[in-house]
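S.K.: just coords:
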């Protein structure tokens with residue numbers, strides 16, 4: 001009788017299917033994936049805007065620096 005109970009319990013443990021909802025897990029993974037993707041895209045766009053602004057400011061500063069130097073050497 002003990003063998004029969006042991007076999008039944010073993011079959012129940014190995015034969016049962018997990019009750020996890022695959023769609024729930026998949027949707028959570030997709031949500032995280034989409035959040036990371038959105039974050040990376042936003043950070044990239046923010047970095048590009050900052051770099052454009054920074055390069056424009058640097059270009060104007062260099063132009064302001066070179067103009068007086070150019071005038072200094074071009075005096076006759």
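M.R.: Received it, and whenever you're ready, just let me know what you need. These numbers come from a predicted model, not from an experiment.

S.K.: which element is residue 67 on?
M.R.: Using DSSP states H and E, residue 67 sits within helix 22-73.

S.K.: which strands and helices sit next to that helix?
M.R.: The contact analysis (3 or more CB pairs under 8 Å, 6 or more residues apart in numbering; DSSP states H and E) places helix 22-73 against no helix or strand. C-beta coordinates here come from the backbone N, C-alpha and C atoms, glycine included.

S.K.: measure residue 74 to residue 30 for me?
M.R.: Residue 74 sits 64 Å away from residue 30, going by CB to CB, to the nearest Å.

S.K.: so which of these two has more stuff around it?
M.R.: A direct count of neighbours by other CB atoms under 10 Å for residue 74 and residue 30 places residue 30 higher, at 10 against 7.

S.K.: how close does that one sit to residue 43?
M.R.: Counting by CB to CB - residue 30 and residue 43 are separated by 20 Å.

S.K.: next: residue 51.
M.R.: Taken as CB to CB, the span from residue 51 to residue 43 is 12 Å.

S.K.: for residue 23, same thing?
M.R.: The value you get for residue 23 to residue 43, if CB to CB is used, is 30 Å.

S.K.: one more: residue 10?
M.R.: For residue 10 relative to residue 43 (CB to CB), the value is 53 Å.
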